[in-house]
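>>> here's my sequence, what's the structure:
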Amino acid sequence: MGNVISKQRQGAVTILTIDHPPLNVMSQAVLRELDSLLDELRDDTETVCVVITGAGDRAFMAGADIKEFPSLIGKKGIKSQFMESHAVLNKLDDFPKPTIAVLNGLTFGGGCELALTCDLRIAEDHVQIGLPEIKLGLFPGGGGTQRLPRVIGEARAKEMMFTGDPIDAEKAKEIGLVNKVAPKGEGLQYGLKLAERISRFSLPALSRIKRSVDEGLGVSLKDGLEREAELFEEVFQTEDIKEGVQAFIEKRKPEFLHR
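Take a look at the predicted model:
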């Protein structure tokens, strides 16, 4: 149990809950604990899928901790400090296991950027999602200008960032920013149901799906197909494919060992 992020195991799913009242802002303490937990969960053989949510029902994460900003104003040579934050978010983006963000309240600024690093997103129906940084005279600096256009397209992303106006959960689903909308208070239940379903499958195969998609998006189709073939060859060397094929032949459910 951390100071600002709690960890709970439910079968093969680990739930990380950001508990940093009143609005679960992305402070340096949150980033440090998230970094440590990701290292821990990467090597945790019992965890197949990770769900990230916020404590309470007011906010998933209502942006960065603005109280940390005054010390940065007018200061030069702070790019390295920003890159340290990127390193943690990149670690989540590149995490070798499926990740699901359950948005259970305000998802602004750094909260939206954190959600974008997860593979899937579920939003409760009362949720507002936005990147309001322009209203403070700055712009999204936690990956928002790069990840959001890749998810919803350039024009929609620019509109959200140029105006700073939030969108509701249904609009987010319509434009592909979230996968599902859940009733208020039921987001975690929806997320766990999906995570448990995913966790029944082979982790070596799941991780290679993630790598193939993510790496393929940054290269040409030809190079992406080449990478897919490499990863497909790798999965044929796993114990789980033996079990999966044998279970199919024997007309039973496979019991994957995630190796």
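>>> what comes up buried for stretch 89-107?
89, 92-93, 95, 97-107 (16 or more other CB atoms under 10 Å). Yep, even glycine has a C-beta here, placed from its N, CA and C like the rest.
>>> please identify which pair of those residues lies farthest apart.
Lys97 and Leu106 (26.8 Å; CB to CB).
>>> export stretch 9-27 to CSV, keeping only CA atoms.
C-alpha atoms of stretch 9-27 as CSV (Å, rounded to 0.1, in the frame of the first residue of the first chain):
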residue,chain,number,x,y,z
ARG,A,9,-5.2,-8.0,-6.5
GLN,A,10,-8.3,-9.7,-7.9
GLY,A,11,-7.4,-13.0,-9.5
ALA,A,12,-5.0,-12.2,-12.4
VAL,A,13,-6.0,-8.5,-12.4
THR,A,14,-4.3,-5.9,-10.3
ILE,A,15,-6.1,-2.6,-9.6
LEU,A,16,-4.2,0.6,-9.0
THR,A,17,-6.3,3.3,-7.4
ILE,A,18,-4.9,6.8,-7.3
ASP,A,19,-5.9,8.2,-3.9
HIS,A,20,-4.6,11.8,-3.7
PRO,A,21,-7.5,13.9,-2.5
PRO,A,22,-9.3,16.0,-3.2
LEU,A,23,-8.9,15.5,-7.0
ASN,A,24,-6.2,12.9,-7.5
VAL,A,25,-3.9,15.3,-9.3
MET,A,26,-0.7,14.1,-11.0
SER,A,27,1.9,15.2,-8.5
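>>> helix or strand right after the strand or helix carrying Ala155?
Assigned by DSSP states H and E, Ala155 belongs to helix 154-163. Downstream of helix 154-163, the next assigned helix or strand under DSSP H and E is strand 167-168.
>>> partner strands of that next one and their direction?
strand 128-130 (antiparallel) (DSSP bridges).
>>> residues touching the strand it pairs with, excluding its own?
103, 106-109, 112, 115, 123, 160, 164-169, 172, 177-178 (CB atoms under 8 Å, 6 or more residues apart in numbering).
>>> off-centre distance for stretch 232-239?
26 Å (CA atoms, centre = their mean, to the nearest Å).
>>> between the two ends of it, what distance do you get?
One end of stretch 232-239 sits 14 Å from the other (CA to CA, to the nearest Å).
>>> buried ones in it?
Val235, Thr238.
>>> what average pLDDT does that stretch get?
Stretch 232-239 comes out with an average pLDDT of 97.
>>> again, but for stretch 109-123
On average, stretch 109-123 scores 97.
>>> so for that stretch, first residue to last residue, what's the gap.
16 Å.
>>> centre of the chain versus it, how much separation?
For stretch 109-123, the distance to the chain centre is 5 Å (CA atoms, centre = their mean).
>>> repeat that for stretch 67-86.
Going by CA atoms, centre = their mean, where stretch 67-86 is centred and where its chain is centred differ by 23 Å.
>>> tell me the pLDDT of Glu133.
95.
>>> quick one: secondary structure of it?
Here Glu133 is recorded as helix under DSSP: H, G, I helix; E, B strand; the rest coil.
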